[in-house]
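K.L.:
kindly generate the corresponding structure for this input.
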Amino acid sequence: MVGSALEGDSGQLPAVRSELVPDPSALPTLAAGLVHEVKNPLAAIHLHLQLLEGYMAEVDDDQLRRKMQEKVSIIKNEIHGLNRTLHNFISFLRPRSDGKDVAVDLNETLRGVVDLLEPQALRDGIDVHFDPNDIGYVHNVDVTFIKQIALNLILNSIQAFRDSARPMEERRILVRTGRREGLAFFLVADNGPGMSEETRARVFDPFFSTKGESGSGLGLTLVQRMVAELGGALEIHTIEGEGTTFAVFLGGKPEHPLLDRQAAWP
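P.N.:
Residues are numbered from 1 along each chain as shown. Predicted structure coming up:
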């Protein structure tokens, strides 16, 4: 009886579904509204923390003041993490591009990203080595996407070391440019903890993260989407306990893989 009733109404299901499920094209707008509603109270919390720090300067008890500062720093870090998650969420739904397909000096572009993130890496005891090769200019690419891809990959490597038992003096990240089969590429490699087979299989899934609450699970998903937008290809090779390498090809996919399947470090 129930089955026949459903069969009889099946023609109405698409119309009902269209009323219940929002138009995918509207999702960025809906998400932007949600992010706006969350970021406003976060900004207010941050402002009041700054005021609180001013009041803390008047506390005479040094030990108490230090404890209060520690707690304020924790809250500030959490706010920063939430803001980054919100930024990644919006970027995931609507990757931002300056819309300019121009001739790009890939070495100069990546040098800027490395210089930006190197202080953060050094704080975690990580040596970042940039190995540029003479590859000339890269044409018909969006420099904004290249910067975002490199930023996410290097940050992913930096954060991976938080789960690594490797001594600080041995921690390495390599950023290298080159050409293969006429295609420009850059790679980001680390000798961090690598990935298990299960993690490797899910690494590009939206919202999948091994970093717990500190990770949004969108960084590598964004990388995959932006590489596709550039008409490029993405290689990944990882060995658990040894490290991970990502290679980004611009403007096509090479016939033969770049990464050596026997080693995680190029």
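K.L.:
and the gap between the residue nearest the centre of the chain and Asn156?
P.N.:
Central residue of the chain (Cα atoms, centre = their mean): Gly219, 2.4 Å from the mean position. Distance, Gly219 to Asn156, by Cβ to Cβ, to the nearest Å: 6 Å. Any C-beta I mention is one placed from the backbone N, CA and C, and that applies to glycine too.
K.L.:
what about Glu58, which SS state?
P.N.:
Assigned with DSSP: H, G, I helix; E, B strand; the rest coil, Glu58 falls in the coil class.
K.L.:
and the longest helix along the chain, what does it pack against?
P.N.:
Counting residues, the longest helix found in the chain (DSSP state H) is helix 62-93. On a contact count with 3 or more Cβ pairs under 8 Å, 6 or more residues apart in numbering; DSSP states H and E, helix 62-93 meets helix 27-56, helix 219-229.
K.L.:
now for those helices, which one comes closest to Thr245?
P.N.:
Evaluated with Cβ to Cβ, these place helix 219-229 nearest to Thr245, the distance being 13.4 Å.
K.L.:
and that closest one, C-alpha only, in CSV?
P.N.:
Extracted as CSV, the C-alpha positions of helix 219-229 are listed here (Å, rounded to 0.1, in the frame of the first residue of the first chain):
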residue,chain,number,x,y,z
GLY,A,219,43.6,22.3,2.1
LEU,A,220,44.5,19.4,-0.1
THR,A,221,41.0,19.3,-1.6
LEU,A,222,41.5,22.9,-2.7
VAL,A,223,44.9,22.0,-4.2
GLN,A,224,43.3,19.2,-6.3
ARG,A,225,40.5,21.5,-7.5
MET,A,226,42.9,24.4,-8.4
VAL,A,227,45.3,22.1,-10.2
ALA,A,228,42.4,20.9,-12.3
GLU,A,229,41.3,24.5,-13.0
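K.L.:
helix 219-229 and whichever helix or strand comes after that helix, what's the angle between them?
P.N.:
Sequence-wise, the next helix or strand downstream of helix 219-229 (DSSP states H and E) is strand 233-239. Inter-element angle recorded for strand 233-239 and helix 219-229: 150 degrees (by axes from the mean of the first three to the mean of the last three Cα atoms, to 10 degrees).
K.L.:
what comes up buried for stretch 124-140?
P.N.:
Of the residues in stretch 124-140, 126, 128, 130, 132, 135, 138 count as buried by neighbour count, 16 or more other Cβ atoms under 10 Å.
K.L.:
neighbours of Thr244, just the number please.
P.N.:
By other Cβ atoms under 10 Å, 26 other residues sit near Thr244.
K.L.:
beta partners of Thr177?
P.N.:
Phe186 (DSSP bridges).
K.L.:
tell me how many other residues crowd it.
P.N.:
Using other Cβ under 10 Å, Thr177 is surrounded by 20 other residues.
K.L.:
enumerate every residue touching the residue lying closest to Met68 once chain neighbours are set aside.
P.N.:
Leaving aside its chain neighbours, Met68 sits nearest to Met56 (5.2 Å; criterion: Cβ to Cβ, 6 or more residues apart in numbering). Each residue near Met56 by Cβ atoms under 8 Å, 6 or more residues apart in numbering is listed here: 65, 68-69, 72.
K.L.:
so where's the stretch 151-266 of the chain shaky on pLDDT?
P.N.:
Along the stretch 151-266 of the chain, the parts satisfying pLDDT under 70 run over 207-218, 260-266.
K.L.:
sec struct for Ser157, please.
P.N.:
helix.
K.L.:
Leu174 is in contact with that one, correct?
P.N.:
No. Look at Ser157 against Leu174 with Cβ atoms under 8 Å: they stay out of range, at 9.2 Å.
K.L.:
cheers, nothing more for now.
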